[in-house]
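**Student:** any chance you can model this:
(4 chains)
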Amino acid sequence: MAIEMLYFAWVRERMGCAQEIVSPPPTVTTVAALVDWLAARDATSADALADRARLRAAVDQDFVAMDAGIAGAREVALFPPVTGG
Amino acid sequence: MAIEMLYFAWVRERMGCAQEIVSPPPTVTTVAALVDWLAARDATSADALADRARLRAAVDQDFVAMDAGIAGAREVALFPPVTGG
Amino acid sequence: MIRIVVGRDPIDIGAEMTLAEGAAGAGAVATFTGLVRADDSVGMLELEHYPGATEAALTRVAEGAVARWSLGAATIVHRVGPMTPGERIVFVAAAAPHRAAALEACAYLIDRLKTDAPFWKRETRGTDARWVEARDTDTAAAERWERH
Amino acid sequence: MIRIVVGRDPIDIGAEMTLAEGAAGAGAVATFTGLVRADDSVGMLELEHYPGATEAALTRVAEGAVARWSLGAATIVHRVGPMTPGERIVFVAAAAPHRAAALEACAYLIDRLKTDAPFWKRETRGTDARWVEARDTDTAAAERWERH
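**Tutor:** As a prediction, the model looks like this:
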């Protein structure tokens, strides 16, 4: 399945891109598993996603916990804790 | 002693004036006694000051309780509970 | 900075905000604006006050807030005279480094102003004018600041 | 009335107040404005956000406040892009018939915005740029609205 990944703030900077299309295998069923799979691809991704405690996610623009499922997801965003206002 | 009386809101309306100079006798030593003395002067004052529970006072521009003294006071104001804001 | 204005001119919130925001260290500004409501058949609202005593009372309220929350600025602007529905009666602002102080101080300013400053409202509905009665809830709101 | 604006233009508080005050039944408007502080050596602040998700999150926050306090109006205006010290980052407003609802709803809007909306701040001091860290106190401030 093809998923549009979005990265924000320092996740974006460390990944070196704001957006990419990825196709994880069917065994990747949660956000946490998706992060693991992305991090296993290359050193840049591994480094960008190393600090899992400071990663937050949204699936199809809804904030979710890392154990949330990604079945049918079109868009998954990864980012640090928010700091607006 | 001469005291400048100030009246506000419906106290002013019922007294028929916003300001007057009065000279109560030395036996009048508190705001409450001053109100009694004023009310005893005439029917208009008696009516204007009849509802003692809804009267508030300031002595020389400081809000005070009705049992406050008026020794040396130059200005005493009588008015209803405030309703600003 | 303490700014107290009691007068008959309409309240210019843009200008007041710019002044409050200019306070040293301001990162947060909380404001409260009271309006003549347009929906309860009041045709005119008149505000009477006690000149001199009003400004002194408002200054004490503002000084209390500045001391308690270390504000950079406290502003109280109160109109007097006749007003029509939709017009601003009162504007208060509190500027502080962070939001909790600004928000609390703003609530304090308007709560204390309601009970501590000598203003009286008279509403006119049609040809009927009446003085607004004080509300026990205002006294309760002001007194909660004494307790903690 | 719910008004959500996310954009790069400076925030016009006079115009926003006029809109909020126009809400049906408005007798009280409480606002909060967040500024780039001028006193902590930050030369530039940049706000990044998640387009689409941001507006949706802010709309949910505003809808929550309108439902809980029966507001006539809830406004959230948030700037994105580069800003300099003294500039407004965010403005929220709550309009209600009476002041308690307006003040509480205003605090709710800014507390929830801080934790629920996808914005990220980057500060530049001299040549050093860093992403601002989230604060536990913000999470605590937002969570207090769950409890009561």
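**Student:** need the strands for chain A, in chain order.
**Tutor:** A:3-7, A:19-22, A:56-59, A:62-64, A:75-79 (DSSP state E).
**Student:** pLDDT-wise, which helix or strand of chain A ranks last?
**Tutor:** strand A:62-64 (a mean of 95; mean pLDDT, DSSP states H and E).
**Student:** ditto for chain C
**Tutor:** helix C:136-147 (a mean of 86).
**Student:** what's in contact with that helix?
**Tutor:** B:85, C:108, C:111, C:112, C:114, C:115, C:116, D:100 (Cβ atoms under 8 Å, 6 or more residues apart in numbering or on different chains). (Each C-beta comes from the backbone N, C-alpha and C, glycine too.)
**Student:** one step back: mind putting the strands of chain A into a markdown table with mean neighbour count?
**Tutor:** Formatted as a markdown table, the strands of chain A follow (neighbours: other Cβ atoms under 10 Å in any protein chain shown):
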| stretch | mean neighbour count |
| --- | --- |
| strand A:3-7 | 19 |
| strand A:19-22 | 12 |
| strand A:56-59 | 20 |
| strand A:62-64 | 16 |
| strand A:75-79 | 22 |
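**Student:** turn those strands into CSV, including distance to chain C.
**Tutor:** Listed next are the strands of chain A as CSV, based on distance: least, Cβ to the nearest Cβ, whole Å:
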stretch, distance to chain C
strand A:3-7, 29
strand A:19-22, 33
strand A:56-59, 22
strand A:62-64, 22
strand A:75-79, 23
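**Student:** poorly predicted segments of the chain, please.
**Tutor:** With no chain named, the answer covers chain A. Residue ranges of chain A with pLDDT under 70: none are present.
**Student:** my bad, chain C
**Tutor:** Chain C contains residues with pLDDT under 70 at C:148.
**Student:** can you give me the helices for it?
**Tutor:** C:13-21, C:53-69, C:99-116, C:136-147 (DSSP state H).
**Student:** how about the closest residue to residue A:63 other than its chain neighbours, what does it touch?
**Tutor:** Sequence neighbours aside, residue A:56 is the residue nearest to residue A:63 in space, at 7.1 Å (criterion: Cβ to Cβ, 6 or more residues apart in numbering or on different chains). Residue A:56 is in contact with A:63, A:78, A:79, A:80, A:81, A:82, counting by Cβ under 8 Å, 6+ apart.
**Student:** do the same with residue A:71
**Tutor:** By Cβ under 8 Å, 6+ apart, the neighbours of residue A:71 are residue A:29.
**Student:** gap between it and chain C?
**Tutor:** For residue A:71, the distance to chain C equals 40 Å [Cβ to the nearest Cβ, to the nearest Å].
**Student:** now whichever residue of chain A sits closest to chain B: closest residue in space, sequence neighbours ignored.
**Tutor:** Per Cβ to the nearest Cβ, the residue of chain A with the smallest distance to chain B is residue A:85, at 28.1 Å. In space, residue A:85 comes closest to residue D:114 once its chain neighbours are excluded; the distance is 4.1 Å by Cβ to Cβ, 6+ apart.
**Student:** right, and that neighbour touches residue C:28 too?
**Tutor:** No: Residue D:114 is beyond contact range of residue C:28, at 11.5 Å (criterion: Cβ atoms under 8 Å).
**Student:** so which of these two has more stuff around it?
**Tutor:** Neighbours were tallied for residue D:114 and for residue C:28 using other Cβ atoms under 10 Å in any protein chain shown; the higher tally belongs to residue C:28 (27 against 24).
**Student:** for the more buried one, what are its contacts?
**Tutor:** C:95, C:96, C:97, C:98, C:99, C:101, C:102, C:103, D:32, D:33, D:34, D:35.
**Student:** can we see that at 10 Å?
**Tutor:** Residue C:28 sits next to A:85, C:21, C:72, C:94-103, C:105-106, D:32-35, D:37, D:90, D:110 when contact means Cβ atoms under 10 Å, 6 or more residues apart in numbering or on different chains.
**Student:** buried only: go through those for me.
**Tutor:** A:85, C:21, C:72, C:94-97, C:99, C:101-103, C:105-106, D:32-35, D:37, D:90, D:110 (16 or more other Cβ atoms under 10 Å in any protein chain shown).
**Student:** quick one on the thing from earlier: intersection of neighbour lists for residue D:114 and residue C:28?
**Tutor:** A:85, C:99, D:34, D:90.
**Student:** show me the contacts for residue C:70.
**Tutor:** Residue C:70 touches C:25, C:96, C:97, C:101, C:105, counting by Cβ under 10 Å, 6+ apart.
**Student:** ok, 7 Å please
**Tutor:** C:96, C:101 (Cβ atoms under 7 Å, 6 or more residues apart in numbering or on different chains).
**Student:** leaving out sequence neighbours, find the closest residue to whichever residue of chain C sits closest to chain D.
**Tutor:** Chain C approaches chain D most closely through residue C:14 (3.5 Å), counting by Cβ to the nearest Cβ. Leaving aside its chain neighbours, residue C:14 sits nearest to residue D:14 (3.5 Å; criterion: Cβ to Cβ, 6+ apart).
**Student:** equivalent analysis for residue C:130, please.
**Tutor:** Closest residue to residue C:130 apart from its sequence neighbours, by Cβ to Cβ, 6+ apart: residue C:123 at 6.0 Å.
**Student:** distance of the one you found relative to residue C:91?
**Tutor:** 20 Å (Cβ to Cβ, to the nearest Å).
**Student:** number of nearby residues for residue C:130?
**Tutor:** 11.
**Student:** quick one: contacts for residue C:133?
**Tutor:** Per Cβ under 7 Å, 6+ apart, neighbours of residue C:133: none.
**Student:** who in chain C is up against chain D?
**Tutor:** C:13-14, C:17, C:21, C:24-35, C:37, C:39, C:86, C:97, C:99, C:103, C:107, C:110 (Cβ under 7 Å from any Cβ of the partner chain).
**Student:** which residues are in contact with residue 77?
**Tutor:** Looking at chain A here, since you left the chain open. Taking Cβ under 7 Å, 6+ apart, we find residue A:77 in contact with A:6, A:8, A:57, A:58, D:50.
**Student:** let me rephrase: I mean chain C.
**Tutor:** C:5, C:11, C:16, C:90, C:91.
**Student:** quick one: which of those residues sit in strands?
**Tutor:** Using DSSP E, the contacts of residue C:77 in strands are C:5, C:90, C:91.
**Student:** so which of the residues you listed reach chain B?
**Tutor:** Within the ones in strands among the contacts of residue C:77, those near chain B by Cβ under 7 Å from any Cβ are residue C:90.
**Student:** need the ones in strands among the contacts of residue C:77 in a markdown table with distance to residue D:44, can you?
**Tutor:** Below are the ones in strands among the contacts of residue C:77 laid out as a markdown table (distance: Cβ to Cβ, whole Å):
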| residue | distance to residue D:44 |
| --- | --- |
| C:5 | 35 |
| C:90 | 37 |
| C:91 | 31 |
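**Student:** ok, back up a step: the residue nearest to residue C:14 reaches residue C:11, doesn't it?
**Tutor:** No: assessed by Cβ atoms under 7 Å, residue D:14 is found out of contact with residue C:11, at 10.9 Å.
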